[in-house]
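Enquirer: the amino acid sequence is not available; the structure is as follows:
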């Protein structure tokens, strides 16, 4: 088991988001971006995968101790901190119900609104438009290129 596996398992077990992990690392003055953090959590076969070094994991664990227990001057109870995190999370159903974006539910006998496509204006032709005369064919983009084999012609 490598550092990446330990870091991933701690993240899942404590239900931490990326911004919370960055906040925890900032407690010990260790700066890391969201992109770098995302690279650490990628699978090993991904091209942007980054190995989690000992320094990153060590600083995360030290910051996690401060985050959960507090400092000597200002101690905290770890279970209270974890319970606060759980209660601050709002289920998605409640979020959508508050915003009014919830998907409407239909009962079996109820009629749905008929589908009407949104058409604001007629669509424009693709590209530069139609050629000026019907007899003239549009120029192929391949014909515009000149190929040079590297020798100067005299």
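Expert: Perfect, thanks for sending it. Computed from a predicted model, the values in this text were never measured in an experiment. Numbering: from 1, shown residues only.
Enquirer: contacts only, for the closest residue to residue 28 other than its chain neighbours.
Expert: With sequence-adjacent residues excluded and distances taken as Cβ to Cβ, 6 or more residues apart in numbering, residue 28 is closest to residue 63, at 4.4 Å. C-betas here are computed from N, CA, C, even on glycine. Contacts for residue 63 were tallied using Cβ atoms under 8 Å, 6 or more residues apart in numbering; they are 24, 25, 26, 27, 28, 30.
Enquirer: any idea how far the fifth one is from residue 81?
Expert: So the one you mean is residue 28. The gap separating residue 28 from residue 81 is 17 Å, by Cβ to Cβ, to the nearest Å.
Enquirer: pick out whichever of those two has more residues nearby.
Expert: Set residue 28 next to residue 81 and count neighbours by other Cβ atoms under 10 Å: residue 28 wins out with 16 against 13.
Enquirer: residue 38 - that's part of a helix, no?
Expert: Yes - counting by DSSP: H, G, I helix; E, B strand; the rest coil, residue 38 is part of a helix.
Enquirer: before we move on, the earlier item: most surrounded residue in the contacts of residue 63?
Expert: Neighbour max across those (other Cβ under 10 Å) = residue 24, 22 neighbours.
Enquirer: name the SS class of that residue, please.
Expert: helix.
Enquirer: what sits closest to it if chain neighbours are left out?
Expert: Nearest residue to residue 24 in three dimensions, chain neighbours excluded: residue 63, at 4.1 Å (Cβ to Cβ, 6+ apart).
Enquirer: still on that earlier bit, just the closest of the contacts of residue 63 to residue 4, please.
Expert: For those, the closest approach to residue 4 (Cβ to Cβ) belongs to residue 25, at 15.7 Å.
Enquirer: next secondary structure element downstream of the lengthiest helix in the chain?
Expert: When the chain is parsed with DSSP state H, its longest helix is helix 54-69. Sequence order places helix 78-88 as the next helix or strand after helix 54-69, per DSSP states H and E.
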